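Novice: take a look and give me a structure for this.
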Amino acid sequence: MNIGFIGLGKLGLPCAVAIVKKGHTVYGFDVNKKAIEDYKNGTSNLYEPEMDHHLEEALPNMHFVDSMAEVISKTDICFVAVQTPHPPELDGSIRHNHVRKDFDYSYLQKVADDIARAINSCDEKDYKVVSIISTVLPGTIRSLIYPAMQKIISRPIEQGWGLCYNPFFIAMGQTMDDFYNPEFTLIGERLSGETPSKAGEILAQFYDTIQDSPRLKMTWDNAETTKMSYNTMIGLKIVFANTLMQICHNTPGGDCDVVSEALSLATDRLISKKYLKGGMGDGGACHPRDNLALSYLSDTLGLDYNVFDFVMTTREKQTEWLADLMCQHRLPKVILGRTFKPETNLVVGSPSILLANILQERGEEVVFYDPVTDPVLPPEVASVYLVGTMWQEFKSFPFVPGSVVIDPWRFIDRVPQNVELIAIGRNSGKQLAPD
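Specialist: Coordinates of the predicted model:
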């Protein structure tokens, strides 16, 4: 099939390459001309395993075109992977102060309008599927995107065109693998009674060539709700796991890993063990901001209790607690790891940055060391180090004698002599928490 991609950034490009490697031809467009020139030369500038190699292999069947109209004219399915951003101050790396906002849909709206104009120029017999994968709140396709497109397109939906909401469930740093192996594939469609849409049928047939995962067809609204609840459920699990970590840290003989491993066996009535390990707060470009967006929706709908605001507030309080532990020691403060997780160069929504901001509020100077973003070793003086990101090299980090190492992940198993190691969530019998 001929597949289109509008938006070839850190999500769009790896997925487009993955589709080419399954035998399809991709036509892609992005407003970032510099990035497109790099792609043509086999350079992705993305922190994804072997991405440049995969890109180079895909180039013979990957065409970068000059307009969205050209993408639409040459393809059967067009995936829309444009940003729906939040303000930078709401990415989870600083205090959210209970601010609640919807996503910014201006980029998505403009692209949808341009696609609609392009569809108007196509023959009705040449059916076009528009598949939006951008993150949106429930009701956005039905109340905003579809009406705007239908206002421009001269024929009703299902006459030569269809619209689906088809979000991906991927993690940065493993995008292609997650695209090939999702737990399920969501296809949100406009249903006419009980009749499936032609767009949904075509999209399902396409995925038969890519994945073996279950196909879940549902309305636009239900697909939007499923995507948002999936992302925010992860944040809720992490807050819960970190609460167990605090309890165990303050309980003589407590070990949160023992507790979490026990809970992870309850796969029938509870849930999988993923994201159930105590550590730093949730991070990245999606989860914190999705909680803030659903917090906005909760207020808009007048829900009795805003659980999403609770999750973000608890995330901050747990980060304050880590700052308390660091401030018990009158030593320079060093955070090991700025990226929101290992094996990536992304710092958006990083809980390590949130921790640094809280320490700076208290008048503390903070030094970062990260093998990707901050590769210069900190000064060789006794310090209090907190392991913010589980980079494997931190296991052999040259800690200075007289230092204290605070490890909320409990993955550092040995330190040099005259260095104190505090494994957060594992209490050997004495009370370690501040009064």
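Novice: for Ala118, what are its contacts?
Specialist: Neighbouring residues of Ala118 by Cβ atoms under 8 Å, 6 or more residues apart in numbering: 68-69, 71-73. In this view, the C-beta of every residue, glycine as well, is placed from N, C-alpha and C.
Novice: go on, Leu59?
Specialist: With Cβ under 8 Å, 6+ apart, Leu59 has these contacts: 40, 42.
Novice: pretty sure it sits in a helix.
Specialist: Yes - counting by DSSP: H, G, I helix; E, B strand; the rest coil, Leu59 is part of a helix.
Novice: neighbours around Gly302, how many?
Specialist: Neighbour count of Gly302, defined by other Cβ atoms under 10 Å: 6.
Novice: for it, give its distance to Leu270.
Specialist: From Gly302 over to Leu270 the distance is 30 Å, taken as Cβ to Cβ, to the nearest Å.
Novice: repeat for Ala323
Specialist: 31 Å.
Novice: with Gln211 instead?
Specialist: Distance, Gln211 to Leu270, by Cβ to Cβ: 27 Å.
Novice: out of the two, which sits in the busier spot?
Specialist: A direct count of neighbours by other Cβ under 10 Å for Gln211 and Leu270 places Gln211 higher, at 16 against 11.
Novice: tell me the SS of Ile234?
Specialist: Under the three-state scheme (three-state DSSP), the conformation of Ile234 reads as helix.
Novice: can you check the pLDDT for it?
Specialist: We have a pLDDT of 89 for Ile234.
Novice: identify each buried residue in stretch 130-146, please.
Specialist: For stretch 130-146, burial by neighbour count (16 or more other Cβ atoms under 10 Å) applies to 130-138, 140-142, 144-146.
Novice: how about the contacts made by the spatially most central residue of the chain?
Specialist: Against the mean C-alpha coordinate of the chain, by Cα atoms, centre = their mean, the closest residue is Cys286 at 3.8 Å. Listed by Cβ under 8 Å, 6+ apart, the contact partners of Cys286 are 135, 231, 349.
Novice: in TSV: the residues you listed, plus distance to Lys125, secondary structure and pLDDT.
Specialist: Formatted as TSV, the contacts of Cys286 follow (distance: Cβ to Cβ, whole Å; DSSP: H, G, I helix; E, B strand; the rest coil; pLDDT from 0 to 100):
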residue	distance to Lys125	secondary structure	pLDDT
Thr135	33	coil	93
Asn231	39	helix	89
Gly349	45	coil	89
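Novice: Met172: which of those residues is nearest?
Specialist: The shortest approach to Met172 among the contacts of Cys286 belongs to Gly349, at 10.8 Å (Cβ to Cβ).
Novice: distance to Gly337 for the contacts of Cys286 - can I get that in CSV?
Specialist: Compiled in CSV, the contacts of Cys286 are given as follows (distance: Cβ to Cβ, whole Å):
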residue, distance to Gly337
Thr135, 25
Asn231, 22
Gly349, 14
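Novice: and which of these is nearest Cys248?
Specialist: Ranked by distance to Cys248 (Cβ to Cβ), the contacts of Cys286 are led by Gly349 at 26.0 Å.
Novice: count the residues that sit near the closest one.
Specialist: Gly349 has 22 neighbours, counted by other Cβ under 10 Å.
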